[in-house]
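**Student:** below: sequence and its predicted model.
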Amino acid sequence: MALTLSPSTRPYQPVLVPSANAEAKGVPWPEIPERRSLALAGVALATTTRLSRRGTRATARSRCRLAANWDEIRGDFPALQQEVKPGIRLVYLDNAATSQKPRHVLEELNRFYGSDNSNVHRGMHTLSMRSTEAFEGARKKVADFVNAPDVHEIIFTRNATEAINLVARTWGAANIASGDEIVLTVMEHHSNLVPWQQLAESTGATLKFGRLRSNGTLDIDHFESLITERTKLVGLCHVSNVLGCVNPIERVAKKCQSVDAKLLVDACQSVPHMPVNVQTLGADWLVASSHKMCGPTGIGFLWGRAELLRASPPFLGGGEMIDEVKLEGSTYNDIPHRFEAGTPAFAEAIALGSACDYLQRLGMDAIARREHQLSKRLWDRVAALPGVTMYGPSPEEDPDRASLVCFNVEGCHANDLATIIDQDRGIAMRSGHHCTQPLHTELGIAASARLSAYFYNTEEEIDAAADALRAAIELITGQGQGEALDPAMAALLDV
């Protein structure tokens, strides 16, 4: 039986709230012209701009399936049911790149386009009001998902990359100057590296980088030593997309606070896989992408502290982000709309809200426990392959490590391994530098292979991947007793 959510053609609770700009001007919210129709239509309004999220996780956990049947839950994902070739079932182990989508999310996206599609915020007709209600309802769901204290602190972006660029080009450009320092790590994804390089180049700021321990975890003592009175911003991934290690965000946050530095967390590899609570992390900004957490592509989000967002200049100019426009100049809207210029990806945002519903119903604690089991199986099976080099801490060294492994095999290029196991066994495995070229340089390699599991994967799939890799290694190195490479495959691999 697949996981089902209560059917509804109007599944969202309205969370339209008064504009802080309007309150500051003493204008009653229902009298703001563009919003008046929603109030007159009887949309329930929140009475405060500060919505407490305390207790949200406990409530969500109480609703989740206490003893999830993970094999049954696989049935929620149509893409997992296919054969990639006749007689060869898909084994999808590329979840760190993107996740598959449950039927609930796909159906909600289709439902919205089929019944409620209309541009948001400025329309007085029924479809526009329903679309706006659903869009702002999705913002509330995302806020609940990460336990944000204020729904206005959730900014919808195209992806996590844009969210980081938003911070760099608004708060960063306004607050970081020559002589200031930005502290990062060598394990950062290019998305949390290039924007800060560009900012440092334009401002004269200095970049400093935390190093690794021998087991592939962050050298936290060295990293903390880099954070000084001259540090303005620290950027850090919560979970490495290559090493799988979980970084101690709370500890780093305390160090940042001691020198009045700000902390941005790349949570793309943590938010989909474990409970994340922005109120306890201690960070100032956090970014994540929808497509890695069972949602659609083209949408991500930034959480930021309200006071920092309000103190930052706008990112892009245009419609929606304005308060008042005259030929002589413009004034700007309050958050979140201040940073959401133009028509947003409202359908994708609504589907992201549906993905949050789905994950909350499963329970993020249950998902984390499931993935810890898969992580150990994945590590053990890959580590047993001949000639393998593993990157990152083992499950014994980091019990909370992500359910992914990056590795290389002596005499075998990662791209060749990925090609063979896909063509021969239907295994989806990523190969390359995984948008972490500096980390690969630090490790002394040009590329690596990566297998990454999500809660819907099985131990049998991990075993199938390991068996396929062993067979591919034997084919490439000529050590096996099996069949030789097909001539076409040999030509493709240049062996």
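**Tutor:** Cool, the structure landed. Numbers count the residues shown, from 1 in each chain.
**Student:** is residue 183 in a helix, a strand, or coil?
**Tutor:** Three-state call for residue 183 (DSSP: H, G, I helix; E, B strand; the rest coil): strand.
**Student:** separation between it and residue 216?
**Tutor:** 20 Å (C-beta to C-beta, to the nearest Å). (Each C-beta comes from the backbone N, C-alpha and C, glycine too.)
**Student:** the two: which has the busier surroundings?
**Tutor:** residue 183 (27 against 24; other C-beta atoms under 10 Å).
**Student:** show me the helices in the stretch 1-150 of the chain, by range?
**Tutor:** Secondary structure of the stretch 1-150 of the chain (DSSP state H, counting those that start in this stretch): helices at 20-25, 33-40, 56-63, 70-73, 103-115, 126-145.
**Student:** now the weakest link among those helices, please, by mean pLDDT.
**Tutor:** Among these, helix 33-40 has the lowest mean pLDDT, at a mean of 30.
**Student:** hmm, residue 169 is touching residue 315, no?
**Tutor:** Yes: between residue 169 and residue 315 a contact is recorded at 6.2 Å, counting by C-beta atoms under 8 Å.
**Student:** and stretch 114-126, end to end?
**Tutor:** 14 Å (C-alpha to C-alpha, to the nearest Å).
**Student:** just give me how far that stretch sits from the chain centre.
**Tutor:** 28 Å (C-alpha atoms, centre = their mean, to the nearest Å).
**Student:** kindly report the same for stretch 104-111.
**Tutor:** That offset, for stretch 104-111, works out to 20 Å (C-alpha atoms, centre = their mean).
**Student:** same thing with stretch 389-405?
**Tutor:** 20 Å.
**Student:** only alpha carbons, please: show that stretch as CSV.
**Tutor:** The C-alpha trace of stretch 389-405 is given here as CSV (Å, rounded to 0.1, in the frame of the first residue of the first chain):
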residue,chain,number,x,y,z
THR,A,389,39.7,3.8,-2.0
MET,A,390,36.9,5.4,0.1
TYR,A,391,36.5,9.1,0.9
GLY,A,392,35.1,10.4,4.1
PRO,A,393,34.5,8.9,7.6
SER,A,394,33.1,5.4,8.1
PRO,A,395,29.8,4.9,9.8
GLU,A,396,31.7,3.9,12.9
GLU,A,397,33.6,7.2,12.9
ASP,A,398,30.5,9.3,12.0
PRO,A,399,27.3,7.4,12.9
ASP,A,400,25.2,10.2,11.5
ARG,A,401,27.0,10.3,8.1
ALA,A,402,24.9,10.6,5.0
SER,A,403,23.8,7.6,3.0
LEU,A,404,26.3,8.2,0.2
VAL,A,405,29.8,6.9,-0.6
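**Student:** so what touches that stretch?
**Tutor:** 95-96, 215-217, 239-246, 269, 273-274, 368, 371-372, 374-376, 378-379, 382-383, 406-410, 443, 448, 450-454, 457 (C-beta atoms under 8 Å, 6 or more residues apart in numbering).
**Student:** any quick ChimeraX command for the buried ones out of the residues you listed?
**Tutor:** With 16 or more other C-beta atoms under 10 Å as the criterion, this ChimeraX line picks the buried residues out of these:
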select :95,96,216,217,239,240,241,242,243,244,245,246,269,273,274,368,371,372,374,375,376,378,379,382,406,407,408,409,443,448,450,451,452,453,454,457
